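Novice: show me the folded form of this:
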Amino acid sequence: MDFKLRFYFIAIIFAGCSQDPLPVLGGIPPFKLVDNFGQSFTEENISGKIWVADLIFTTCAGPCPIMSTEMRSVHKTYLGNKNIHMVTITVNPDYDSPEVLTEYGKRYDADFDKWHFLTGEYEKIQSLIANGFKMGDIEEIVFHSTRFALIDSNMNIRGYYVGTESKDVKKMMGDIKKLIKEFS
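Specialist: This is a model prediction of the structure:
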């Protein structure tokens, strides 16, 4: 094999190993919600962790159960890593009380130390979705996004993924590995 061809193959191999950092797509502002145990939950509870967030409501018969099943898969994959957390925020706080969210989490085998189910005042949730995550319908949050948001340990959004598509969720899991390397 001549030198040019050998160099070409080596360049292809290294290009495939490139670890370009994920873009920063925005930041999560300070927030104050309530977890499924009725305790205050703020950005301080999750700061310094890599986390995946989604928006659901427990009575949804559409995409929410699919998203929660995909979230469970991610949760189980990273259960042994104390720095990877899941955050599920209800878009129906009038119905989804802490007790309802606890029962919902149990259906998906949640380890509540690492998978947080949050509720709160409608206006606070709406503001966080619109101004922080930049997902969903600003006027009516029940018409929520089916995307997952990947947040780094500095509270920066590093990616959005379709939470009902296994292929997109697998891409997100690969991006989680990139963030683990970036922040280790």
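Novice: CA atoms for contacts and neighbours, from now on please.
Specialist: OK.
Novice: now do the contacts for the spatially most central residue of the chain.
Specialist: Centroid-nearest residue in the chain: Val52, 1.7 Å away (criterion: CA atoms, centre = their mean). Applying CA atoms under 8 Å, 6 or more residues apart in numbering, we find Val52 in contact with 85-87, 148-151.
Novice: so which of these is the most crowded?
Specialist: Of all the contacts of Val52, the most densely surrounded is Ile151 (30 neighbours; neighbours counted as other CA atoms under 10 Å).
Novice: next, the closest residue to Lys32 other than its chain neighbours: phi, psi?
Specialist: What sits nearest to Lys32 in space, not counting adjacent residues and going by CA to CA, 6 or more residues apart in numbering, is Thr42, at 4.6 Å. When read as degrees, to the nearest 10, the backbone of Thr42 gives phi -120, psi 180.
Novice: if I look at Thr42, how far off is Pro29?
Specialist: Distance, Thr42 to Pro29, by CA to CA, to the nearest Å: 10 Å.
Novice: kindly report the same for Ile84.
Specialist: On the measure of CA to CA, Ile84 and Pro29 end up 19 Å apart.
Novice: can you check Ile176 too?
Specialist: According to CA to CA, Ile176 stands 21 Å off from Pro29.
Novice: looking at these two, which has the bigger crowd around it?
Specialist: Neighbours were counted for Ile176 and for Pro29 using other CA under 10 Å; Ile176 has more, 24 against 13.
Novice: doesn't that one lie inside a helix?
Specialist: Yes. Assessed with DSSP: H, G, I helix; E, B strand; the rest coil, Ile176 lies in a helix.
Novice: fine by me, thanks again.
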